[in-house]
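Novice: here is a sequence together with a model predicted from it:
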Amino acid sequence: MKFILSDANQSSIDPLNHLYRVVEPALAVAPATFLNHLQAHQKSNGVLQAVASCDSAPIFDWMVSLVPLQGISDQIASRYAEQHGGVTKAEIQGDLPVPQGCSRLTSY
């Protein structure tokens, strides 16, 4: 199956071709072990099995664990997460039914 996206600037874009064009420069300068490291990390975090079994919770948990790495040293962010913990899909879902009041939002 081939997906074609329409764009105002281009008549059609093949998403996989576009992804390749965007990612190729980064992969060209990445260490040779980058993709192997990424795959091992995803496997150890249950992401590959989650994708195979259509289980979104481990995928969500893995993605949320990466959010703190944006904009600061990965080492500092990882150390902070180890010391203070992170959040999981189960924790978020468990807290959603709990009503949260905010006096500043009484007019909404």
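Specialist: Good, I have the coordinates.
Novice: so how far is residue 47 from residue 41?
Specialist: Using CB to CB, to the nearest Å, residue 41 is found at 8 Å from residue 47. (Each C-beta comes from the backbone N, C-alpha and C, glycine too.)
Novice: which one of these two is surrounded by more residues?
Specialist: Ranked by neighbour count (other CB atoms under 10 Å), residue 41 and residue 47 place residue 47 first, with 19 against 12.
Novice: grab the nearest non-local neighbour of that one.
Specialist: In this structure, residue 47 finds its nearest non-sequential neighbour in residue 62, 4.9 Å apart by CB to CB, 6 or more residues apart in numbering.
Novice: any idea which element that neighbour lies in?
Specialist: Using DSSP states H and E, residue 62 sits in helix 56-66.
Novice: what do you get for residue 24?
Specialist: Assigned by DSSP H and E, residue 24 falls in helix 15-29.
Novice: hang on, the earlier thing: just the mean pLDDT for the helix holding residue 62, thanks.
Specialist: For helix 56-66, mean pLDDT rounds to 87.
Novice: which parts of it are buried?
Specialist: Neighbour counts over helix 56-66 (16 or more other CB atoms under 10 Å) mark 58-62, 65 as buried.
Novice: out of these, the closest to residue 76 would be?
Specialist: The shortest approach to residue 76 among the buried residues of helix 56-66 belongs to residue 65, at 14.6 Å (CB to CB).
Novice: enumerate every residue touching that closest one.
Specialist: 45, 81, 86 (CB atoms under 8 Å, 6 or more residues apart in numbering).
Novice: could you find the closest non-adjacent residue to residue 48?
Specialist: residue 42 (5.4 Å).
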